[in-house]
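Chemist: This is a predicted model, with the sequence first.
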Amino acid sequence: MALTMTRTRTQMALTQLVETLANLKGELAFVEEWLAEDGASAELIARREVLLGKLEALTTTSRAVD
């Protein structure tokens, strides 16, 4: 089956979505490791909440597309 422009764009969008999701999970893991140390700052806690929100949104989007 030949790739149409629409199918190519869809595959590119899904690839970008997965890459963004992987980067987000990596940053979240880094933040959570840092939070495990003593004296975590309020900014770090806030960053974790932002990352969790983005992770949920991207996961929901990927499930809707799949």
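Modeler: Now that the structure is in, tell me what you want to look at. Numbering: from 1, shown residues only.
Chemist: tell me, what residue is most central in this protein?
Modeler: Leu21 (2.8 Å; Cα atoms, centre = their mean).
Chemist: Would you agree that one is in contact with Thr59?
Modeler: Yes. Leu21 is within contact range of Thr59, at 7.2 Å (criterion: Cβ atoms under 8 Å). (Each C-beta comes from the backbone N, C-alpha and C, glycine too.)
Chemist: hmm, back to that, look at the residue nearest to the centre of the chain and give its secondary structure.
Modeler: Following DSSP: H, G, I helix; E, B strand; the rest coil, Leu21 is assigned to helix.
Chemist: The nearest residue to it once chain neighbours are set aside: which element?
Modeler: The spatial neighbour of Leu21 that comes closest, neighbours along the chain excluded (Cβ to Cβ, 6 or more residues apart in numbering), is Leu58 at 5.0 Å. According to DSSP states H and E, Leu58 maps onto helix 42-65.
Chemist: How about residues contacting that helix?
Modeler: 14, 17-18, 20-21, 24-25, 27-28, 31-32, 34-35 (Cβ atoms under 8 Å, 6 or more residues apart in numbering).
Chemist: If we go by neighbour counts, what in that helix is buried?
Modeler: Neighbour-count burial for helix 42-65 flags Arg47, Arg48, Leu51, Leu55, Leu58 (criterion: 16 or more other Cβ atoms under 10 Å).
Chemist: Tell me the pLDDT of the closest residue to Leu14 other than its chain neighbours.
Modeler: Distances taken as Cβ to Cβ, 6+ apart place Val65 nearest to Leu14, at 6.4 Å, with adjacent residues excluded. If you check Val65, the pLDDT there is 75.
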